[in-house]
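Visitor: what follows is a protein structure lacking sequence information:
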């Protein structure tokens, strides 16, 4: 049963980040943009059952909930705390399961797999920590030629700055690896 250690605002005024004392997962992100997507995930389904919840993202020791902009945060936080506190803490997961989740893009040549591994390393070291500190993250959907397709998660998914400034910053950072790389958000 995860205990809430802190509740933080994010750059997205419609999102709050819940910092937990126990993990919900071990390195595997869960990101849902609708109740339909959340089917099969008890915690996310319970959160989507709360009026005004429009996005749920969690990984490890934190969860970000985005609302539709129509709710009072004080009341909504109290409603969110109930299913969050009732959720089970993560059971130990093998390193192989975490690795499999991170390398789910299939059909890459050995050269493109190495390129993606290099890109993921930069994302892990230089990009994701900042996104995660603000209650979000990004997931790489694909690498085709010189195009990297990413999907924002959590608070970043509906934040206006993620589409412009943040995306340009990510592209600029990754171009230190590959000068012709284009980063697109899906």
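Guide: Perfect, I can see it now. Remember, it's a predicted structure, so these values are computed and weren't measured experimentally. Residues are numbered from 1 along each chain as shown.

Visitor: the worst-scoring helix or strand of the chain on mean pLDDT: what's the following helix or strand?
Guide: The weakest-scoring helix or strand in the chain, judged by mean pLDDT, DSSP states H and E, is helix 95-102 (a mean of 51). Using DSSP states H and E, the helix or strand that follows helix 95-102 in sequence is helix 110-122.

Visitor: for the next helix or strand after that following helix, packing partners?
Guide: Using DSSP H and E, the next helix or strand after helix 110-122 towards the C-terminus is helix 128-133. Packing partners of helix 128-133 (3 or more CB pairs under 8 Å, 6 or more residues apart in numbering; DSSP states H and E): strand 136-144. Glycine gets a C-beta too; all of them are placed from N, C-alpha and C.

Visitor: for residue 132, what are its contacts?
Guide: 59, 62 (CB atoms under 8 Å, 6 or more residues apart in numbering).

Visitor: for residue 19, see how far away it is.
Guide: 11 Å (CB to CB, to the nearest Å).

Visitor: same deal with residue 113?
Guide: Counting by CB to CB, the gap from residue 113 to residue 19 is 34 Å.

Visitor: need the strands for this protein, in chain order.
Guide: 4-9, 15-20, 30-32, 53-59, 62-67, 136-144, 147-154, 182-185 (DSSP state E).

Visitor: okay, those strands in JSON lines with mean neighbour count and distance to residue 79 next?
Guide: Formatted as JSON lines, these follow (neighbours: other CB atoms under 10 Å; distance: least, CB to CB, whole Å):
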{"stretch": "strand 4-9", "mean neighbour count": "13", "distance to residue 79": "13"}
{"stretch": "strand 15-20", "mean neighbour count": "21", "distance to residue 79": "12"}
{"stretch": "strand 30-32", "mean neighbour count": "20", "distance to residue 79": "17"}
{"stretch": "strand 53-59", "mean neighbour count": "25", "distance to residue 79": "9"}
{"stretch": "strand 62-67", "mean neighbour count": "25", "distance to residue 79": "10"}
{"stretch": "strand 136-144", "mean neighbour count": "19", "distance to residue 79": "22"}
{"stretch": "strand 147-154", "mean neighbour count": "21", "distance to residue 79": "19"}
{"stretch": "strand 182-185", "mean neighbour count": "16", "distance to residue 79": "30"}
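
Visitor: same list (those strands) but as CSV, adding mean pLDDT and distance to residue 170.
Guide: Below are the strands of the chain laid out as CSV (pLDDT from 0 to 100; distance: least, CB to CB, whole Å):
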stretch, mean pLDDT, distance to residue 170
strand 4-9, 94, 22
strand 15-20, 95, 19
strand 30-32, 93, 17
strand 53-59, 94, 18
strand 62-67, 95, 19
strand 136-144, 87, 8
strand 147-154, 85, 7
strand 182-185, 88, 5
